[in-house]
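**Q** predicted model follows, preceded by the sequence.
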Amino acid sequence: MALDNMAGNTAPFKTFDPLGLATLGSDSTLAWFRAAELKHARVAMLATTGYLVQGAGFHFPGMLSSDVSFESLSSMKPLDAWAAVPEGGKAQIIFTIFLAEIITESKGTHYTKGGDLPTVVFPPIDFSGVDESTLATKRNRELNNGRLAMIAIMSFCAAANIPGSVPALVGNPAF
């Protein structure tokens, strides 16, 4: 497996690897790096969407627990909102993440041994009817959108916690 032949190799950077991480270890190491990038990209896309939805004032109705409402969480900065979630809720979130990891890491031949990269656990999506060129385009888009989302969510967190760190977001009430 070479970096040049992997999904996500698109303009304008093609094989952007300024630290030379792709040359560390073996093909298994490179597959592990790509799987980690893919998982982090998916989480970042969800986090960015969640931050924008919450910042726009949308939230679930009702109470998260007997003393914490969804509305109160939506008015807090992300780290403060996490701190306000009851310990039982945090445990449920962490267990769900753990379960998703176990499911994706234990299916068939592992990606570090030549198997497929992790797929979306829920909802299960069947891509068997999609032709290879369309699927390759969609994989490239997923990685590129995920890379942008990783930058976005880190910018949002910096803007929320370090005043003036992201000039474009200064004065925005969501930050």
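**A** Nice, thanks for sending it over.
**Q** low pLDDT regions in the protein?
**A** Within the chain, the stretches with pLDDT under 70 are 1, 120-124.
**Q** residue closest to the middle of it?
**A** V43 (1.9 Å; Cα atoms, centre = their mean).
**Q** tally of neighbours for L73?
**A** For L73, the neighbour count with other Cβ atoms under 10 Å is 18. Heads up, the C-betas are built off the backbone N, CA and C, glycines and all.
**Q** nearest spatial neighbour of it, skipping sequence neighbours?
**A** A81 (4.5 Å; Cβ to Cβ, 6 or more residues apart in numbering).
**Q** do I have it right that that neighbour meets S69?
**A** No - if you go by Cβ atoms under 8 Å, A81 and S69 don't touch, sitting 11.5 Å apart.
**Q** so which strand or helix has the residue nearest to the centre of the chain?
**A** Using DSSP states H and E, V43 sits within helix 27-55.
**Q** same deal with P173?
**A** Per DSSP H and E: P173 is located in neither a helix nor a strand.
**Q** correct me if wrong: T112 contacts R34.
**A** No - counting by Cβ under 8 Å, T112 sits too far from R34 to count as a contact (10.1 Å).
**Q** which parts of this structure are helices?
**A** Assigned by DSSP state H, the helices in the chain fall at 27-55, 70-74, 78-84, 87-105, 132-161.
**Q** JSON lines please, covering those helices and showing distance to K14.
**A** Shown next, in JSON lines, are these (distance: least, Cβ to Cβ, whole Å):
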{"stretch": "helix 27-55", "distance to K14": "15"}
{"stretch": "helix 70-74", "distance to K14": "40"}
{"stretch": "helix 78-84", "distance to K14": "34"}
{"stretch": "helix 87-105", "distance to K14": "28"}
{"stretch": "helix 132-161", "distance to K14": "11"}
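**Q** and G57, its phi and psi?
**A** phi 100, psi 10 (degrees, to the nearest 10).
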